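the sequence and its predicted three-dimensional model are supplied below.
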Amino acid sequence: QGELVESGGGLVQAGDSLRLSCTASGRLFNRYTMGWFRQGVAKEREFVAAISWLNDTTYYADSVKGRFAISRDNDKSTSFLQMNKLQVEDTARYYCGAAWKTDAVTREDVYNGWGPGTQVTVSA
């Protein structure tokens with residue numbers, strides 16, 4: 001999938017929205033499942049959302065379901081994570097990953113490559 005680069009993070013207030021982007025530089029973007037994970041300070045990396053290249057099936061962590069939406073634009077080799085109604089608990093560094101697989105996409109070890117991440121900080 002080449003290089004992955006996330007963007008769109010920032011400092012916002014609780015209740016605000018942000019849209020993260022993850023752009024891939026390699027080819028065959030449309031054959032990769034794209035996932036978003038996050039890692040807070042002193043916490044383990046956790047699954048947030050994923051979108052399969054097969055039928056664009058989406059997956060969400062319970063903590064973000066109904067607030068976050070993942071999408072992809074294959075022409076732009078970009079995955080998006082729309083985050084609404086942000087909460088202080090959403091504060092973390094957000095990483096995107098690319099995976100050949102279309103199952104078990106909530107597992108970190110399924111992903112073949114990662115971007116450097118983008119910081120999201122939500123203040124009360």
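That came through fine.

lowest average confidence, helix or strand, in this structure?
Here the helix or strand of the chain ranked lowest by mean pLDDT, DSSP states H and E is strand 113-114, holding a mean of 92.

tell me what it is packed against?
Applying 3 or more Cβ pairs under 8 Å, 6 or more residues apart in numbering; DSSP states H and E, one finds that strand 113-114 makes contact with strand 92-99. From N, CA and C alone the C-beta is placed, and that goes for glycine too.

partner strands of the strand it packs on and their direction?
strand 33-39 (antiparallel), strand 113-114 (antiparallel), strand 118-123 (antiparallel) (DSSP bridges).

lowest-confidence stretch among those?
Mean pLDDT values for the strands paired with strand 92-99 show the minimum at strand 113-114, a mean of 92.

can you pull out the strands in the protein?
Ranges of strands in the chain, per DSSP state E, are 4-7, 10-13, 18-24, 33-39, 46-51, 58-60, 68-73, 78-83, 92-99, 113-114, 118-123.

I'd like to know which of those is closest to Thr106.
Closest of these to Thr106 is strand 46-51, at 4.4 Å (criterion: Cβ to Cβ).

okay, and the beta partners of the residue nearest to the spatial centre of the chain?
Most central in the chain under Cα atoms, centre = their mean is Trp36, positioned 2.3 Å from the mean C-alpha point. Beta-bridge pairing for Trp36 (DSSP bridges): Ala49, Cys96.

how close does it get to Val64?
Using Cβ to Cβ, to the nearest Å, one gets 9 Å for the distance from Trp36 to Val64.

all set now, cheers.
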